[in-house]
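Undergrad: Attaching a predicted model along with its sequence, questions to come.
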Amino acid sequence: MQDTANTAETAIKTVAEARGVTREFRLGSAVVHALRGIDLHVRPGEFVALRGRSGSGKTTLLNILIGLDNPTAGQVFILERDLATLDENARARLRRQSIGMMFQNAHLFPSLTAQENVELPMRLARAEAGERTKLAREALKRVGLAPRANHRGLELSGGEQQRVALARALVHAPRFIVADEPTGNLDSMTGRAIANLLRETAHDGGIGLLVATHDPTIVEAADRILQISDGRIVE
């Protein structure tokens, strides 16, 4: 039975899809149109860069795609499941089990070691200590940081902190990762290394990856580039 389930999951065509997604906010008597009819998809193993100016709608779109916000209109599918059919608890489970997240700041706990930071999602999932340790070490090895596993967040460089953040996003074997300006605080050389690592992660792991960015190194590494302007995907 397990093999059948795995085969069905592997056969999915998209890890994330938006169909006609709009998002409106009220600001006093005015209506702000943050997203205007967004259509996009991300396939397994595909690295997609979402490029656009600040205020263009990138972060709003990411939040909707991972179920932290709701569209005003349109549909969002994760692993071909319609998010509108899931309650908040089901969405939270889906994020814990199938979605990884990275941000401009690594958001590490400075007093915890790299390994302890990576273990946090597994703690939330109430995994056993032995399993947490095993999976965290494997994730750190995957991003080239096994030798730094016992170093605390304050002892790591910016690039190392983002590698830990990627390991934390990977530790529960997600099918979809979203990243919001993950190289925004890094120098160009370190940013390029992270961009290449993200590309390898998507291709080698069959993970769909959507990265909102201003960084040309991310754009160069991506398989496909989407441009968002004033809440619309443009050519």
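TA: Structure received. Residues are numbered from 1 along each chain as shown.
Undergrad: Give me the phi and psi angles of the residue nearest the centre of the chain.
TA: For the chain, the residue nearest the mean C-alpha position is residue 178 (1.9 Å; C-alpha atoms, centre = their mean). Per-residue torsions, residue 178: phi -110, psi 140 (degrees, to the nearest 10).
Undergrad: Next one: it, what pLDDT does it get?
TA: pLDDT recorded at residue 178 is 96.
Undergrad: Same check on residue 230?
TA: Looking at residue 230, its pLDDT is 93.
Undergrad: if I pick residue 162, what's in contact with it?
TA: Residue 162 makes contacts with 102, 106, 182-183, 186, 190, 194, as judged by C-beta atoms under 8 Å, 6 or more residues apart in numbering. Backbone N, C-alpha and C define where each C-beta goes, glycine included.
Undergrad: so how far is residue 173 from it?
TA: Using C-beta to C-beta, to the nearest Å, residue 162 is found at 20 Å from residue 173.
Undergrad: and if you look at residue 65?
TA: Distance, residue 65 to residue 173, using C-beta to C-beta: 19 Å.
Undergrad: which one of these two has more residues nearby?
TA: residue 65 (27 against 13; other C-beta atoms under 10 Å).
Undergrad: Could you pull up the residues touching the more buried one?
TA: 16, 18, 76, 78, 178, 210.
Undergrad: correct me, but the residue nearest to the centre of the chain touches residue 95?
TA: No: here residue 178 does not reach residue 95: they are 10.1 Å apart, not a contact under C-beta atoms under 8 Å.
Undergrad: picking that back up, let's have the contacts of residue 65 in a markdown table, adding distance to residue 146 and secondary structure.
TA: Formatted as a markdown table, the contacts of residue 65 follow (distance: C-beta to C-beta, whole Å; DSSP: H, G, I helix; E, B strand; the rest coil):
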| residue | distance to residue 146 | secondary structure |
| --- | --- | --- |
| 16 | 30 | strand |
| 18 | 37 | strand |
| 76 | 36 | strand |
| 78 | 31 | strand |
| 178 | 25 | strand |
| 210 | 27 | strand |
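Undergrad: mind checking the SS state of residue 49?
TA: In three-state terms, and counting by DSSP: H, G, I helix; E, B strand; the rest coil, residue 49 is strand.
Undergrad: Please report the distance of it from residue 39.
TA: Using C-beta to C-beta, we find residue 49 at a distance of 17 Å from residue 39.
Undergrad: could you pull out the helices for the protein?
TA: Secondary structure of the chain (DSSP state H): helices at 2-10, 58-65, 88-98, 114-124, 129-142, 158-170, 188-205, 216-221.
Undergrad: So which of these is nearest residue 233?
TA: The stretch from those with the least distance to residue 233 (C-beta to C-beta) is helix 58-65; that distance is 9.2 Å.
Undergrad: Give the ranges of residues in the chain that sit below the confidence cut-off.
TA: Residue ranges of the chain with pLDDT under 70: 1-10, 235.
Undergrad: can you rerun that using 80?
TA: Where the chain drops to pLDDT under 80, the residues are 1-10, 124-125, 235.
Undergrad: Give me the phi and psi angles of the residue of it positioned farthest from its centre.
TA: Taking C-alpha atoms, centre = their mean, the residue of the chain most remote from its mean C-alpha position is residue 29, at 34.2 Å. When read as degrees, to the nearest 10, the backbone of residue 29 gives phi -90, psi 0.
Undergrad: gap between it and residue 55?
TA: From residue 29 to residue 55 the distance is 21 Å (C-beta to C-beta).
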